[in-house]
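Enquirer: Just to be clear, the model below is a prediction. Sequence and coordinates:
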Amino acid sequence: MANEKIILLVEDNADDEALTRRAFKKHNIANEVIVARDGVEALDYLLGTGAHAGREVGVMPAVVLLDLKLPKLDGLDVLRRVRADARTKLLPVVILTSSKEEKDLIESYSLGANSYIRKPVDFEQFSEAIRQLGLYWLVLNETPPKSGG
């Protein structure tokens, strides 16, 4: 489907990835989920570089679910670079993290995060957070029009 809304999940923890996929499935969120396991891979996907060179960068995810604690390049650096690039600066980015540090919350918003969600430990709470996240970002949210270049 050409208009299928893709979710980019930037998550290095395989258990958290499985939990997120399980929650999507439970709530019938059938959108394609692309997983990047570190910050460099996330930027390569979004900008069509490295392992994703040649990817059609005109097709951006509907939302990026970004963990903060990542190998190679952490989530805040990914967010900083996403906001600095004209092609991705308006992309909806939701921080989905287990970090309880207030400085991470403050810095995420100052760098332009659209939302900040602490991963609940309990699966039912996590699943409900994912359901609401999917409903909002994939159904209700209006995205900016594609820029001309």
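Expert: Arrived safely, thanks for sending.
Enquirer: who's in contact with the nearest residue to Arg55 once chain neighbours are set aside?
Expert: Distance criterion CB to CB, 6 or more residues apart in numbering; nearest residue to Arg55, sequence neighbours excluded, is Gly48 at 4.5 Å. Every C-beta, even on glycine, is put in place using the N, C-alpha and C of the backbone. For Gly48, the contact set (CB atoms under 8 Å, 6 or more residues apart in numbering) comprises Gly54, Arg55, Glu56, Val57.
Enquirer: give me that answer again for 7 Å
Expert: Gly54, Arg55, Val57 (CB atoms under 7 Å, 6 or more residues apart in numbering).
Enquirer: Then Thr88?
Expert: Leu46, Met60, Val82.
Enquirer: Which residue is the nearest non-sequential neighbour of the first one?
Expert: What it means is Leu46. Leu46 sits nearest to Thr88 (CB to CB, 6+ apart), 5.3 Å away.
Enquirer: Ok, the last one next?
Expert: Distance criterion CB to CB, 6+ apart; nearest residue to Val82, sequence neighbours excluded, is Thr88 at 4.6 Å.
Enquirer: Quick check: that neighbour vs Lys5, distance?
Expert: 16 Å (CB to CB, to the nearest Å).
Enquirer: looking at this structure, which helix or strand does the model trust least?
Expert: Among the helices and strands of the chain, helix 123-134 carries the lowest confidence by mean pLDDT, DSSP states H and E, at a mean of 89.
Enquirer: So which elements touch that one?
Expert: Where contact means 3 or more CB pairs under 7 Å, 6 or more residues apart in numbering; DSSP states H and E, helix 123-134 is packed against helix 14-26.
Enquirer: Heading C-terminal from the helix it packs on, find the next helix or strand.
Expert: strand 33-36 (DSSP states H and E).
Enquirer: Please state the offset of the helix or strand that that following strand is followed by from the chain centre?
Expert: Using DSSP H and E, the helix or strand that follows strand 33-36 towards the C-terminus is helix 39-47. Remark: helix 39-47 is offset 11 Å from the chain centroid, using CA atoms, centre = their mean, to the nearest Å.
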